[in-house]
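[1] attaching a predicted model along with its sequence, questions to come.
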Amino acid sequence: MLSNFNQATRFDEFMHFALYNPQYGYYSRGEGIFGGEGDFVTAPELSPLFGQTLGKAIREVLPRCGGVVYEFGAGTGKLACDVLATAGDLITQYNIVDVSGGLKLVQLANLMAQHGPEIEKKVRWLSTLPDKLNGVILGNEVLDATPVRRFKWSNTGPLEAWVQQVDGALQLVWQAADPQFATTVTQLQTQHGPWPEGYESEVAEQSIAWVKTVTDRLNGIALMIDYGFHGALYYLPTRHKGTLRATSRHTAHDDFLAKVGEQDLTAHVNFSAVYSALSSCGGELEGYSHQGEFLLGHGILELATQQPEFTHPTRGAHLRQNLNTLLNEADMGEAFKVICWSKGVNAEGTTLNQAFLANDRSGDL
């Protein structure tokens with residue numbers, strides 16, 4: 001495998017290999033990467049209340065979108081199971097878009113266990129991005145999993161990270177950035193600096209391209225949840241090592257080149273760049289807020305109290321602990337953000353729109 005890097009490889013290309021290579025990539029490992037026994041826990045794996053609340057949030061916009069849903073990055077299918085639990089009567093077709101398809105059997109098994117064999121008539125799997133996206137787009141922790149270009153600021157000119165095998169081991173090699181990327185980095189430094197010599201961070205060109213492609217093809221509403229910051233916080237001079245992290249067995253570290261394909265690599269989302277990308281393609285921002293604010297605005301507490309185990313002395317405590325993780329500012333509640341945009345269809349007058357208005361942070365973007 002290391003022979004793939006006998007020649008210097010740009011960091012985003014290395015990251016794509018480490019995550020998505022069909023033979024060696026991290027995400028080809030399947031469901032073993034999720035949950036308490038895996039490397040990380042996502043919100044849908046943490047509590048069904050997360051997906052149930054999302055389902056409740058999109059109920060009023062579903063008829064405007066033909067009842068069609070497209071979910072990206074579906075993982076084990078837990079989000080699909082829970083969205084269908086509270087919005088399934090309004091969903092005519094639930095599309096899981098997965099370029100690898102490695103988790104299809106896991107997703108189908110979970111869906112059938114919760115909703116019965118009839119669910120196969122409503123859910124379908126797509127291996128490529130459709131030319132037209134007429135419906136509601138959902139994505140939880142999708143944008144953070146796209147490869148990034150890594151840079152280092154130098155007063156003599158921006159540098160870019162490359163990866164190369166040297167004496168049987170992978171090493172990070174810094175080379176002068178090409179003119180176009182150097183211009184991008186210099187503009188960021190002018191806007192958010194001054195940065196100290198040696199300041200490192202990243203630019204997520206591929207996630208921005210993805211947002212633009214989706215928005216170009218969209219006739220409906222997109223709702224994305226992920227961890228990240230708006231641009232001013234993303235490129236703070238004090239955040240001098242950027243946001244890129246490797247994760248293995250619930251431990252985050254910065255040894256990005258270790259155990260290629262056996263650890264997750266992610267970078268926080270720059271939501272200001274997402275906003276700029278969707279706006280450039282005719283998208284209209286519907287709202288931007290913290291995850292905790294969004295879930296509270298759509299009645300997650302009411303859903304929680306309706307659970308039979310809510311008052312149980314042990315199972316109820318577990319439910320409330322996970323709920324607190326989703327909502328608490330010190331946990332997922334503030335670290336994760338929700339951004340929603342539309343094209344051709346809007347959410348005006350719906351509870352989705354009203355909840356965003358009550359906690360709107362779009363001024364940060």
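    Perfect, I can see it now.
[2] who touches residue 297 in this structure?
    289, 355, 356, 358, 359 (CB atoms under 8 Å, 6 or more residues apart in numbering). Backbone N, C-alpha and C define where each C-beta goes, glycine included.
[3] and the second one, that's in a strand?
    No: with DSSP: H, G, I helix; E, B strand; the rest coil as the criterion, residue 355 is assigned helix and is not in a strand.
[4] returning to what we had before: closest to residue 233 among the contacts of residue 297?
    Closest approach to residue 233 among those (CB to CB): residue 289, at 15.3 Å.
[5] how near is that closest one to residue 360?
    Residue 289 sits at a distance of 7 Å from residue 360 (criterion: CB to CB, to the nearest Å).
[6] neighbour count for the two, which is higher?
    Taking neighbours as other CB atoms under 10 Å, residue 289 and residue 360 compare with residue 289 leading, 23 against 15.
[7] surely the more buried one is in contact with residue 337?
    Yes: Residue 289 is within contact range of residue 337, at 7.0 Å (criterion: CB atoms under 8 Å).
[8] between the two, which contacts overlap?
    Common contacts of residue 289 and residue 337, defined by CB under 8 Å, 6+ apart, comprise residue 361.
[9] which stretches in the stretch 51-200 of the chain count as strands?
    Using DSSP state E, counting those that start in this stretch, the strands of the stretch 51-200 of the chain run over residues 68-72, 93-97, 123-126, 133-140, 149-152, 159-166, 169-176, 200-203.
[10] re earlier: buried only: go through the contacts of residue 297 for me.
    Buried residues within the contacts of residue 297, counting neighbours by 16 or more other CB atoms under 10 Å: 289, 355, 356, 359.
[11] report pLDDT for the last one.
    We have a pLDDT of 90 for residue 359.
[12] is the closest residue to it other than its chain neighbours in a helix, a strand, or coil?
    Once flanking residues are discounted, residue 359 sits nearest to residue 293: 3.9 Å by CB to CB, 6 or more residues apart in numbering. Look at residue 293: counting by three-state DSSP, its state is helix.
[13] tally of neighbours for residue 293?
    Residues near residue 293, counting by other CB under 10 Å: 21.
[14] picking up where we left off before, nearest to residue 200 among the contacts of residue 297?
    Nearest to residue 200 among these, with distances taken as CB to CB, is residue 289, at 29.4 Å.
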